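1. I would like to see how this sequence folds:
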Amino acid sequence: MKTLGERELTATHTLQAHVACTRVGHRWERMLRSHATEIDALLAVHTDLRAHVGTVVCSLCGPAGLPERLDGDTVAMVVAVLDDLRRLGDFELQRAAAMLSEEIAMAQGRALQDVLAG
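-> Below is the predicted model:
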C-alpha cells in the first residue's frame, strides 16, 4: 500500500500486527496478499478508494488502538471499501471482497479481537 500516507501506513502496520496472531487474521492477510498488486494499482489510480482505505485503517487502529466494538459506522466504512473493491477489481478480487463484506457485516457489535479469534 505504497500510496497511503505515513499516518495510514503506521495504522496499517499496527493493525497487521494485531491481525497476524489470529486464525481469521491469517486468512484475511492471505486474501490481501494474493490481491496486493491489484489493490496497490487501484489505490494509485482511485483517490476516493485511497481516502476510504485511509479512513478505515485509522479508525480500526488509531492512537487508542483497536476499537472496543465494531460499531455501525466502522462496519459501514469497511463495507464501503469492500464495495469499492467489488466495483473496481477483477473477478477474483470481487469474490474475495464480497466474502469479507458478509463477514464484516455479521461482526457488527462484536469486539474486533473476538471477530479475529473466530
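2. List the residues that contact Cys61.
-> Ala11, Thr12, Thr14, Leu15, His18 (C-beta atoms under 8 Å, 6 or more residues apart in numbering). Where C-beta positions appear, they are placed from N, C-alpha and C, glycine not excepted.
3. So it versus Leu9, what's the distance?
-> 11 Å (C-beta to C-beta, to the nearest Å).
4. circling back to that earlier point, is it possible to export the contacts of Cys61 to a markdown table including pLDDT, secondary structure and distance to His35?
-> Output for the contacts of Cys61, formatted as a markdown table (pLDDT from 0 to 100; DSSP: H, G, I helix; E, B strand; the rest coil; distance: C-beta to C-beta, whole Å):
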| residue | pLDDT | secondary structure | distance to His35 |
| --- | --- | --- | --- |
| Ala11 | 73 | helix | 20 |
| Thr12 | 76 | helix | 15 |
| Thr14 | 76 | helix | 21 |
| Leu15 | 74 | helix | 17 |
| His18 | 72 | helix | 20 |
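5. Nearest to Glu102 among those?
-> Set against Glu102, the nearest of the contacts of Cys61 by C-beta to C-beta is Leu15 (20.3 Å).
6. Count the neighbours of that closest one for me.
-> 20 (other C-beta atoms under 10 Å).
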